[in-house]
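Visitor: Predicted model follows, preceded by the sequence.
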Amino acid sequence: MKALKTIALILISAVLLSGALINVSTEPELQASVASISSGDTIMLAAGTYDLTSTLWIDGGVDNVAIIGAGTDLTIIRGAGMSIDDPDVPHLLWVGDVRHLYIADLTLREVYYHPIQFSSESGAFAPHLNNVHLIDAGEQFIKVSAAPGMTAYCDSGIVENCIFEFSDRARWWYTNGVDILATGYWIIRDNLFLRIRGPEGILCGAAILAWQNAIYTTIERNVFIECDFGISMGNPAGPGPYARDGETTYDNQGCMIRNNFIYREGDGDVGITLNRAGNASVYHNTVIFNGTFFWNIEYRYSATDAYIHNNLCDSGILSRDGGDGYLAGNIIDADNSWFVAPSEGNLHLVAGTDAEDAALPLADVPTDIDGDARPIGDFPDIGADEFDPGAKIFDVTGTAHNQMGYLRMRDGALKWIG
């Protein structure tokens, strides 16, 4: 594993970056290297905990830069706490006029506002987060902000192999895991969202929210465990002054939501919600709520037109407020006995369920949550998992996650590797 990681870092430096390699091991060194970063530079953080004395302000019109730690369990950037309003460290990282920023192999935790804010209005573009663990944000874990009248946007972001979690609950309702406004072509894949939930008795925002006419967002192969809301494409309030291109009808367009596990035993709201979402695709997701809400998937308002196919649920799929949808191949009465370990969020199928060989073939979903090709039998299986009688089932529990430290990719799909 160490050899593979070394090779990966060499490839990152050789292919993406052409500037200086800056090694830091103290918080003052980190502050200084960020303040003076130039295009092509890579900042390498040694193992250790970096208690910030000031937000890391990354700006200055630079391109192709990276901040890479020694591993999520080894390199930790920390604020004063999600309930402590520290005026010097409102965020951990604030990203302005920076294109193609790569952040990997570290933990960001305990800050009053955002662990990371990307400022579209300042020129942020095409960020890439890989193997980052984010813990206890006071508001949104990843925030992409916008401003009225913009003509350039923070497009082409990638968030992959990351963990978003509250140790227990948010400090108040105003939080999300990933909150992106007016973005285009973002990919959010192979992540774990754990306990994205409000204070007891209070709902917080969705684990993933793409709104203000966010376009062509792909959300795939993620796992959501005990979150108040799973995925929200558009906000019920609709597009406003921050909407991309001045859009007034749609709050989201062209999204693809496929191959996600969403599981909950505690109180909460809907798993997938489409709000004024034009040309939305919701394919092969598994949503199990154990009676904690009245329906699992919803499509709302007359501006929404959605294709909702081959989803495996234990409750209904509902049109609200005139939402238009084309439904086919869904199951809404799944039982916990259909899954390997549902109480742990492991929604891989067992043999002999009604989901097996029961789905409509979809060209847009050639693989499942594990990267296995569809179909294995005569037809694809309904839900995120394609049952494979010979496959090893990987652990997807939050407890195991915390013990292991971080996600790893195997064969292009989500795996938790010890």
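Guide: Arrived safely.
Visitor: distance of residue 53 from residue 61?
Guide: Per Cβ to Cβ, to the nearest Å, residue 53 is found 25 Å from residue 61. C-beta here means a position set from N, CA and C on the backbone, and glycine is covered the same way.
Visitor: Sorry, wrong one. I was asking about residue 297.
Guide: From residue 297 to residue 61 the distance is 43 Å (Cβ to Cβ).
Visitor: And the two? Which one has more around it.
Guide: Taking other Cβ atoms under 10 Å, residue 297 and residue 61 do not tie; residue 297 has more neighbours (28 against 10).
Visitor: show me the contacts for that one.
Guide: 270, 271, 272, 273, 282, 285, 287, 308, 311, 313, 317, 318 (Cβ atoms under 8 Å, 6 or more residues apart in numbering).
Visitor: quick one: strands adjacent to the strand or helix carrying it?
Guide: Of the helices and strands defined by DSSP states H and E, residue 297 is found in strand 295-300. Partners of strand 295-300 in the sheet, by DSSP bridges, are strand 272-275 (parallel), strand 316-320 (parallel).
Visitor: Pick the most buried one from the ones you listed.
Guide: Mean neighbour count (mean count of other Cβ atoms under 10 Å) peaks for strand 272-275 among the strands paired with strand 295-300, with a mean of 28.
Visitor: so how far is that one off the chain centroid?
Guide: Chain-centre distance of strand 272-275: 16 Å, with Cα atoms, centre = their mean, to the nearest Å.
Visitor: State the next helix or strand along the chain beyond that strand.
Guide: strand 277-278.
Visitor: who's in contact with that following strand?
Guide: 233-234, 249-255, 299, 303-306.
Visitor: Give me the longest strand you can find in the protein.
Guide: The longest strand of the chain (DSSP state E) is strand 98-111.
Visitor: Export only the CA atoms of that one, formatted as CSV.
Guide: Taking Å, rounded to 0.1, in the frame of the first residue of the first chain, the C-alpha atoms of strand 98-111 are listed here in CSV:
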residue,chain,number,x,y,z
VAL,A,98,-7.7,29.3,-7.9
ARG,A,99,-8.2,26.9,-10.8
HIS,A,100,-7.6,23.1,-10.5
LEU,A,101,-6.9,22.9,-6.7
TYR,A,102,-6.3,19.3,-5.6
ILE,A,103,-6.8,18.4,-1.9
ALA,A,104,-6.1,14.9,-0.7
ASP,A,105,-5.2,12.5,2.1
LEU,A,106,-6.0,14.6,5.2
THR,A,107,-8.7,15.4,7.8
LEU,A,108,-10.5,18.7,8.2
ARG,A,109,-12.4,19.1,11.4
GLU,A,110,-14.1,21.3,14.0
VAL,A,111,-14.7,24.7,12.6
